[in-house]
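Asker: sequence and computational prediction follow.
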Amino acid sequence: MITREKEEMLKYYNLGLVAYKQRKWDDAIRAFEMALKADPKDGPSEVYLARAQNYKLNPPPEDWDGVYTMTTK
């Protein structure tokens, strides 16, 4: 059975992913922050939050297809 916290986290995580793919960085950041509020240990939300924050400051190219390219090893 899924907990209420996990259900809440998944709701915001999915909203964050949609906003992220639409390049709506502020919306994505808010959603991933809410996901982490519901489940502070959610690794994927942490990763996407950091990526959205980075893309807000350094937007990807116009032809970006949603794929994240690592810049360090």
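Answerer: The structure has been received and is ready for your questions.
Asker: remind me, longest helix of the chain?
Answerer: In the chain, taking DSSP state H as the definition, the longest helix is helix 4-21.
Asker: that one: what's the following helix or strand?
Answerer: Using DSSP states H and E, the next helix or strand after helix 4-21 towards the C-terminus is helix 25-38.
Asker: now the next helix or strand after that following helix: buried residues?
Answerer: Downstream of helix 25-38, the next assigned helix or strand under DSSP H and E is helix 43-57. For helix 43-57, the neighbour count (16 or more other CB atoms under 10 Å) marks 45, 48-49, 51-52, 55 as buried. Every C-beta, even on glycine, is put in place using the N, C-alpha and C of the backbone.
Asker: try stretch 17-27
Answerer: In stretch 17-27, counting by 16+ other CB under 10 Å, buried: 17, 19-20, 23-25, 27.
Asker: can I get the CA coordinates of it in PDB?
Answerer: C-alpha atoms of stretch 17-27 as PDB (Å, rounded to 0.1, in the frame of the first residue of the first chain):
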ATOM      1  CA  LEU A  17       8.200  16.600 -14.900                       C
ATOM      2  CA  VAL A  18       5.500  18.100 -17.100                       C
ATOM      3  CA  ALA A  19       6.700  21.700 -16.300                       C
ATOM      4  CA  TYR A  20      10.400  20.700 -16.800                       C
ATOM      5  CA  LYS A  21       9.700  19.200 -20.200                       C
ATOM      6  CA  GLN A  22       7.800  22.400 -21.200                       C
ATOM      7  CA  ARG A  23      10.700  24.500 -20.000                       C
ATOM      8  CA  LYS A  24       8.600  26.100 -17.300                       C
ATOM      9  CA  TRP A  25      11.500  26.300 -14.800                       C
ATOM     10  CA  ASP A  26       9.700  28.200 -12.000                       C
ATOM     11  CA  ASP A  27       6.800  25.800 -12.100                       C
END
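Asker: how far does that stretch sit from the chain's center?
Answerer: Relative to the chain's own centre, stretch 17-27 is displaced by 8 Å; criterion: CA atoms, centre = their mean, to the nearest Å.
Asker: ok, residues contacting stretch 21-34?
Answerer: The contact list for stretch 21-34 (CB atoms under 8 Å, 6 or more residues apart in numbering) reads 8, 12-13, 15-17, 19-20, 45-46, 48-49, 52-53, 55-56, 59-60, 64, 66.
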